[in-house]
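Colleague: Make a model of this:
(2 chains)
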Amino acid sequence: MSRATSTPAAEDCICRVEGLTKDYDGFRAVDNISFCVRRGEIFGFLGPNGAGKTTTIRMLCGLTKITKGKVIIDGHDLRKEGRIVKKLIGVVPDISNLYAELSCWDNLIFCGEMYGMPREERVRRAEELLKFFGLRRFRDTKFKNLSKGLKRRLTIAAALMHSPKILFLDEPSIGLDVLGKRKIWGIINELNRRGVTIFLTTHNIYEAFRLCHRIAVINRGKIVAVGTPNELKRMVAAQEIVEVSFSPFTPRVEDILSIEGVVSVKVVDNALRLVVDDVLTALDGIIDYARRKGLTISMLSLRGADAEEVFLSLVGGRNA
Amino acid sequence: MRDVLEHAYYIAKKDLKEYYMKPGTISWGVLFPITFAAAFLFRRGEYSVWAAPGLIAMTVLFSATSMAGASIVFERRIGSFERLLLFPTRYISIALGKSFGGFLFGLITSLSTLLVVYVLLHAFPLNPALFTLSLLLAVLQSSSFGVLLAFAIKDPSQTMTVFNIVRFPMIFLSGVIIPINQLPPPLGALSYALPLTYSTELIRYSYTGEYSVIPPAIAFIAMIVQTLAFLTATSMLIRKSIP
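Modeller: Sure, this is the predicted structure:
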């Protein structure tokens, strides 16, 4: 059961997913998930590695068969009207996989051709996108000779050639340095300001909280929460963060997780960062544990949760 | 139908730009068949007109399949093949487009072999119109065969090895060097299962007016049926490859 905080009307949804399930040889990668992406929003799909994010986005794009469930994009059923849906969506995979020997220009024109765009429109759109993405001086550079960040930009540009109604981005900033990430985030925001609806998957909590209007948190194939960044924070508002360090040794995470009131645990340097939902009970348990193990508590602090801790709390400490 | 052909054309155009200079394409698609053809034309101290059509058919097979193989291997390895599945296109367009790329490359290479044959033998095809038709059909048949083979191979890094395991025996079993009617019966029967047999027989008939065992009309129909079967099977394999 997901902790959904907002239920948009069906007509607001450009992408509606109902009971989506994917099984691989007895393993359930995505388990009966439902959500809606509203027109004009940036919708994030946040989860740890292996949570089911990429499987979900692949199903939404038709790259993976759907075991069960329904995907409706702008009123069209993906399973019944696959080719119509493909005209409505743009897809940026997690790897920048354009054609290495083709120039930036040729890559864009090829995409335009495959979407059936007339020649004049292809040329106009390719010029517009090269300008928007700051790639004009690389017009005739082969894709293989671009830097990682530029490759990423061109891959996004290629997905926008046919002016899709919704853009699917799988881990848009993965593998990029700080400047590259910031450039991509700026582009995503600007595209959204220009009216493009964006669905992105990420395991980067900061990216999701910074970019997205709403976020679905997925773990082990299930959606565990959906809401705006602030709504997600409020969900765990009752929870607080205890940072504690012990001497002469740091206890095992499993031992601390078994203490009543502790929701999740993360090792940070030599300290443990605990998300707790009942501070007094948790502190009692921690002190009792230290006494039983002959440990000294060398540091203890208490504060509210940040984005990362909200995420940890939602997916459970063992998965983060 | 128009958009199927249009998409196929764009894919082929892209493949030619992307893959015609790949080492596998050049070595197995151009250098090997032309050298091999030149070497085998010279038999028993004289140039053999009989061998020329078979060697042209063999060049067609090697060049068209190498180009098709290179494009599919490379795209599957780096993940860019999936891009084609994101476009609003039919699987048959992808199969046809990949085959067209091999077709154009095979055609250019086979013209080079024709030039070698002309320089060494000064021999023209007996029926130029039928020869042109046979050559075009042989190139399409070979490229669609290469595309099917490339898709059927699970591990892309093994593609050229598997290609050569399939192609080399064909040189000896399809009437390229040894006439089919001179093969031992079991091998003669096996030759009927090989696409190169039909292209060799048809090209030889158009070039010299002779054939070994398969009448030209039968060879012509068989090549059309095989090409359609290869394309259909490829589009089914693409559909099946979606996890």
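
Colleague: Could you measure from A:Ile42 over to chain B?
Modeller: 21 Å (C-beta to the nearest C-beta, to the nearest Å). Every residue, glycine included, has its C-beta placed from N, CA and C.

Colleague: So what sits opposite that residue in the bridge?
Modeller: A:Ile198 (DSSP bridges).

Colleague: what residues are up against it?
Modeller: If you count contacts by C-beta atoms under 8 Å, 6 or more residues apart in numbering or on different chains, A:Ile42 has them with A:188-189, A:192, A:197-198, A:200, A:211-213.

Colleague: If we use 10 Å, what do you get?
Modeller: By C-beta atoms under 10 Å, 6 or more residues apart in numbering or on different chains, the contact list for A:Ile42 reads A:167, A:169, A:188-189, A:191-192, A:196-200, A:208, A:211-215.

Colleague: next one: B:Ile218
Modeller: B:198, B:201-202, B:211.

Colleague: got the residues you listed as CSV, with distance to A:Lys53 and neighbour count columns?
Modeller: Formatted as CSV, the contacts of B:Ile218 follow (distance: C-beta to C-beta, whole Å; neighbours: other C-beta atoms under 10 Å in any protein chain shown):
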residue, distance to A:Lys53, neighbour count
B:Tyr198, 50, 29
B:Glu201, 55, 30
B:Leu202, 54, 30
B:Tyr211, 60, 22
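
Colleague: Excluding chain neighbours, what is closest to the most centrally placed residue in chain B?
Modeller: Centroid-nearest residue in chain B, with C-alpha atoms, centre = their mean: B:Ser142, separated by 2.4 Å. Once flanking residues are discounted, B:Ser142 sits nearest to B:Ala64: 3.9 Å by C-beta to C-beta, 6 or more residues apart in numbering or on different chains.

Colleague: hey, where'd the strands end up in chain B?
Modeller: In chain B, the segments counted as strands under DSSP state E are B:42-43, B:46-47.

Colleague: Show me where the chain dips below the pLDDT cut-off.
Modeller: Because you didn't say which chain, this covers chain A. The model of chain A has pLDDT under 70 over residues A:1-11, A:236-238, A:304-307, A:309, A:313, A:316-320.

Colleague: that's the wrong chain, I meant chain B
Modeller: For chain B, the ranges with pLDDT under 70 are B:21, B:23-25, B:28-29, B:42-47.

Colleague: Whichever helix in it runs longest packs against which elements?
Modeller: When chain B is parsed with DSSP state H, its longest helix is helix B:91-121. Applying 3 or more C-beta pairs under 10 Å, 6 or more residues apart in numbering or on different chains; DSSP states H and E, we find helix B:91-121 packed against helix B:2-19, helix B:23-26, helix B:32-41, strand B:46-47, helix B:51-78, helix B:81-86, helix B:128-152, helix B:216-241.

Colleague: switch the cut-off to 8 Å
Modeller: helix B:2-19, helix B:32-41, helix B:51-78, helix B:128-152, helix B:216-241 (3 or more C-beta pairs under 8 Å, 6 or more residues apart in numbering or on different chains; DSSP states H and E).

Colleague: Nearest to A:Gly19 among the ones you listed would be which one?
Modeller: The closest of the helices and strands packed on helix B:91-121 to A:Gly19 is helix B:216-241. By C-beta to C-beta, the value is 24.0 Å.

Colleague: what residues does chain B put near chain A?
Modeller: B:3, B:6-7, B:10-11, B:14, B:17-19, B:21, B:78-80, B:82-90, B:242-243 (C-beta under 8 Å from any C-beta of the partner chain).

Colleague: about what we covered before: so the residue nearest to the centre of chain B sits right up against B:Leu61, yeah?
Modeller: Yes: B:Ser142 lies in contact with B:Leu61 (C-beta atoms under 8 Å); the separation is 4.6 Å.

Colleague: so what sits against both of the two?
Modeller: B:195-196, B:199.

Colleague: Let me know the helix or strand that A:Leu274 is in.
Modeller: strand A:271-276 (DSSP states H and E).

Colleague: and that strand, what other elements does it pack with?
Modeller: Using 3+ C-beta pairs under 8 Å, 6+ apart, strand A:271-276 sits against strand A:240-247, helix A:253-257, strand A:262-268, helix A:279-293, helix A:307-315.

Colleague: CSV please, covering those and showing mean neighbour count and distance to chain B.
Modeller: Shown next, in CSV, are the helices and strands packed on strand A:271-276 (neighbours: other C-beta atoms under 10 Å in any protein chain shown; distance: least, C-beta to the nearest C-beta, whole Å):
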stretch, mean neighbour count, distance to chain B
strand A:240-247, 19, 40
helix A:253-257, 15, 34
strand A:262-268, 18, 33
helix A:279-293, 15, 44
helix A:307-315, 23, 25
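
Colleague: mind putting the ones you listed in CSV, distance to B:Ile177 included?
Modeller: CSV is the format used below for the helices and strands packed on strand A:271-276 (distance: least, C-beta to C-beta, whole Å):
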stretch, distance to B:Ile177
strand A:240-247, 79
helix A:253-257, 71
strand A:262-268, 71
helix A:279-293, 83
helix A:307-315, 66
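
Colleague: now for the ones you listed, which one comes closest to B:Ser191?
Modeller: So among these, helix A:307-315 is nearest, using C-beta to C-beta, at 62.4 Å.

Colleague: hmm, back to that, filter the contacts of A:Ile42 to the buried ones?
Modeller: A:167, A:169, A:188, A:191-192, A:196-200, A:208, A:211-212, A:214-215 (16 or more other C-beta atoms under 10 Å in any protein chain shown).

Colleague: follow-up on the earlier one: now the residues of chain B next to chain A: which count as buried?
Modeller: In these, burial by neighbour count holds for B:6-7, B:10-11, B:14, B:17-19, B:78, B:80, B:82-90, counting by 16+ other C-beta under 10 Å.

Colleague: circling back to that earlier point, could you identify which of the helices and strands packed on helix B:91-121 is most buried?
Modeller: Mean neighbours per residue, mean count of other C-beta atoms under 10 Å in any protein chain shown, is largest over the helices and strands packed on helix B:91-121 for helix B:51-78, with a mean of 27.

Colleague: Show me what that one is packed up against.
Modeller: Counting by 3+ C-beta pairs under 8 Å, 6+ apart, helix B:51-78 packs on helix B:2-19, helix B:23-26, helix B:32-41, helix B:81-86, helix B:91-121, helix B:128-152, helix B:159-173, helix B:195-208.

Colleague: Pull the contacting residues for the residue nearest to B:Ser142.
Modeller: By C-beta under 8 Å, 6+ apart, the neighbours of B:Ala64 are B:29, B:102-103, B:105-106, B:139, B:142-143, B:146.

Colleague: how does it look with 10 Å?
Modeller: B:29, B:99, B:101-107, B:109-110, B:138-147.

Colleague: what's the closest of the contacts of B:Ile218 to chain A?
Modeller: For these, the residue nearest chain A by C-beta to the nearest C-beta is B:Tyr198; the value is 33.5 Å.

Colleague: So that closest one is in contact with B:Gln141, correct?
Modeller: Yes: judged on C-beta atoms under 10 Å, B:Tyr198 makes contact with B:Gln141 at a distance of 7.6 Å.

Colleague: Mind listing the shared neighbours of the two?
Modeller: B:57, B:222-226.

Colleague: Switch these over to TSV; also include distance to A:Gln239.
Modeller: Formatted as TSV, the shared contacts of B:Tyr198 and B:Gln141 follow (distance: C-beta to C-beta, whole Å):
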residue	distance to A:Gln239
B:Ala57	75
B:Ala222	73
B:Met223	72
B:Ile224	71
B:Val225	69
B:Gln226	67
